[in-house]
Structures are given as C-alpha cells and as structure tokens.
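Chemist: sequence? don't have it. structure:
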C-alpha cells in the first residue's frame, strides 16, 4: 500500500535499436542488439516555432502546461515559475520545499517530482499550498511526470515508467526501450502515446503505453553533448514544449503536426462540437458532432491507456451535416475513456466516464 501523506492547506513505424549487450523491443518482439541499428524516424513534422530563455534560473528542468501558462522549475533547488509563453514573461515564482524534477498538470493540481526524497508532490496552483504527496513503489529516483487525463505516469531513473493513480497505486509499468534507457527525465502525453525526453542521448521519443515500443523519435532542440541536456516535455496549445538545461538554458515550442490533439482539453478552431450525452453514462449514450465541409473522418474510442477499443467511423469522406452515433457495444468495464474525432488533419478528443 503506498504511503499517502495529506497536508492541510499518420501511419506510424515502430523502430528498433540495438547496442552491444542490450536487446530492444520492436513491434512487440525482443530483438538481439547486434542485428539492429536505429535510423531516425520522423513520420511527423518537427519544427521549432519559438524558443526563449526562462530567465528565472540557469538550469531549466521540468515542464507542465496548464492550458494557459507554462510551469518550469529549477534543477538545483525547488524554485518553480509560472510563465506566459506568448510573451516569454515570468508571472510568478514559487519556492516550495519540494519539486526539482519534472511536472504535470491534471486540470486542477500541479504534480511535481523531487529527486532527493524520491517522492511525488501535489500543489494547488493558486496558493501553491502543498496538498498531498506519495512515495512511488520503486527504489530509484522519480523523474518524468505526465498526466493522461485519468492517471499519472512516473519515470524512474533506471528507465522504467509507471502508470499510477493519484494516491500512489500502480496500474502497470512499461520499459523505456530506448538505447541507454536510463533517465526518462521529461514525460508528456498526447494522441494516446507517451513522449519521453532522454537527458543524456538528447532525443525525444514517442512510445506505446502498453509495450513501451518506440513509435517515433526526434533529435531534441538545443541539445549539445556535454553542454546542454534534454529535460522537460509537455503539450499545450497544440504544441510540444521542451526544455534544455545547461550552458544554453532554453524552452522550445515545437510544431509536430499534432495541433489540437490535447486529450481532455477544449480545442480552439475546430467547429465540430464533439459531444457525448449523458456523461457519465451507463448505456445508450449518444456521440454527436457537426462538420461544415466535406472531410475525411475517423471516430474512435480509446481507453485511458491510449488503446483503441472501438472504431465507429474509419477514414470515411463525410458530407457537411450533424452526425449522431450510439456508444458501441464492447465497453464492458467502468472507467475513463476518450472519444477521438479526426477530421482531415485536425483532431479533437473528449473524455467520458462509463459507470
């Protein structure tokens, strides 16, 4: 049982990589390292559209996006800044007792990992009061954090990544199947996948949440071996945000062609009015959406881990109209699900709960 403490107040290609003495997972199969070498795969665009120095510290670490502001912390002591990313302006600086690694925002609270204590801390973003904390079920240091809309993902320094409840119970864990897999420093979640920043190797990996298999990887912007290191990763405003800490301390805004794929967040610019009613539901819920022009459309249902469990519309060219579909059979378990609507190159998702 975890130690909970309460305080008042596109088609994708799976990659393989091998180095001496180490095997890697490829499309669900363990492959001997001496037979496989990783070639950079970029099925998505990866374009830096903005970058800036955070200004409040000399070594930028974790990142979280709350839908409006970026949160960034300092590597060497707990110091956390709320930043307006449009104007590159620090709005507030907080000095909590704990929180010097990665961060994740769950829609209400900011979760922060702390290297020295190996614990995870939950803060109120208005007062920055410490609300709760728990100790993860591993001996190593806690690093990367991501929120998938229902669960917290925690990266451990040995390279394993844990899917956990907000009270510290482990749902499952997956390997980080990158070369030299230690230190998943930054974690983010988008499009049903985890995105992992690798500190020493200077890469950002998109990985499967069930097997840990690598789907895509990219060279991290600003990475300079021995001088500047990849750290935080998160999504917000339709962009990937990353940090590098070191000599050239910087935050990067990256367009990876995933604009509007933010699970559980309202998407600006899409006039689809995606909805499900009632929500929460038991049976006979109705999914509805509207499109105002001919469009290639896919409508899917994902579980909280990012697995597609039902496809209602599969790459069909639909005419402008209002559409309604009943929730399909097969959702046999209570829990959190996501409806994902892809219209041409834009994606919108909403969360619903089945009782």
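Modeler: Arrived safely. Only a predicted model underlies this, so the values are computations on that prediction, with no experimental measurement involved. Residues are numbered from 1 along each chain as shown.
Chemist: where does the stretch 151-300 of the chain have low pLDDT?
Modeler: 181, 258-272 (pLDDT under 70).
Chemist: how about the helices in it?
Modeler: Along the stretch 151-300 of the chain, counting by DSSP state H, counting those that start in this stretch, no stretch forms helices.
Chemist: quick check: residue 132 touching residue 123?
Modeler: No - the pair residue 132 / residue 123 is not scored as a contact, 9.3 Å apart, by Cβ atoms under 8 Å. Bear in mind the C-beta positions are built from the backbone N, C-alpha and C, glycine included.
Chemist: between those two, who's got more neighbours?
Modeler: The neighbour count for residue 132 versus residue 123, taken as other Cβ atoms under 10 Å, is higher for residue 123 (24 against 17).
Chemist: beta partners of the residue nearest to that one when sequence neighbours are not counted?
Modeler: Nearest residue to residue 123, sequence neighbours excluded (Cβ to Cβ, 6 or more residues apart in numbering): residue 110, at 4.7 Å. Using DSSP bridges, the bridge partners assigned to residue 110 are residue 105, residue 123.
Chemist: quick check: residue 110 vs residue 349, distance?
Modeler: According to Cβ to Cβ, to the nearest Å, residue 110 and residue 349 sit 22 Å apart.
Chemist: so if I had to pick from these two, which one is more boxed in?
Modeler: Ranked by neighbour count (other Cβ under 10 Å), residue 110 and residue 349 place residue 110 first, with 26 against 23.
Chemist: mind listing what the residue lying closest to residue 142 once chain neighbours are set aside touches?
Modeler: Leaving aside its chain neighbours, residue 142 sits nearest to residue 113 (4.1 Å; criterion: Cβ to Cβ, 6+ apart). By Cβ atoms under 8 Å, 6 or more residues apart in numbering, the residues touching residue 113 are 62, 99, 101-103, 119-121, 142-145, 154.
Chemist: out of the residues you listed, which are inside strands?
Modeler: 62, 103, 119, 120, 121, 142, 143, 144, 145, 154 (DSSP state E).
Chemist: surely the second one meets residue 63?
Modeler: Which is residue 103. Yes - if you go by Cβ under 8 Å, residue 103 and residue 63 touch, sitting 6.5 Å apart.
Chemist: find the residue closest to residue 193 in space, skipping its chain neighbours.
Modeler: Residue nearest to residue 193 in three dimensions, not counting chain neighbours: residue 206, with 5.1 Å by Cβ to Cβ, 6+ apart.
Chemist: let me redo that: residue 65
Modeler: residue 236 (2.6 Å).
Chemist: and for the one you found, the neighbour number?
Modeler: 23.
Chemist: hang on, isn't it packed against residue 66?
Modeler: Yes - judged on Cβ under 8 Å, residue 236 makes contact with residue 66 at a distance of 7.5 Å.
Chemist: please report phi then psi for residue 59.
Modeler: phi -150, psi 100 (degrees, to the nearest 10).
Chemist: could you pull out the strands in the stretch 201-350 of the chain for me?
Modeler: Applying DSSP state E, counting those that start in this stretch to the stretch 201-350 of the chain gives strands spanning 203-207, 214-219, 228-236, 239-246, 250-255, 275-277, 286-291, 295-303, 308-318, 321-326, 335-343, 346-354.
Chemist: run through the stretch 1-150 of the chain and note the low-pLDDT ranges.
Modeler: 1-44.
Chemist: switch to 90 and redo it
Modeler: For the stretch 1-150 of the chain, applying pLDDT under 90 flags the ranges 1-47, 66-68, 77, 106-108, 115-116, 126, 137-140, 148-150.
Chemist: excluding chain neighbours, what is closest to residue 160?
Modeler: Leaving aside its chain neighbours, residue 160 sits nearest to residue 173 (5.3 Å; criterion: Cβ to Cβ, 6+ apart).
Chemist: thank you, goodbye.
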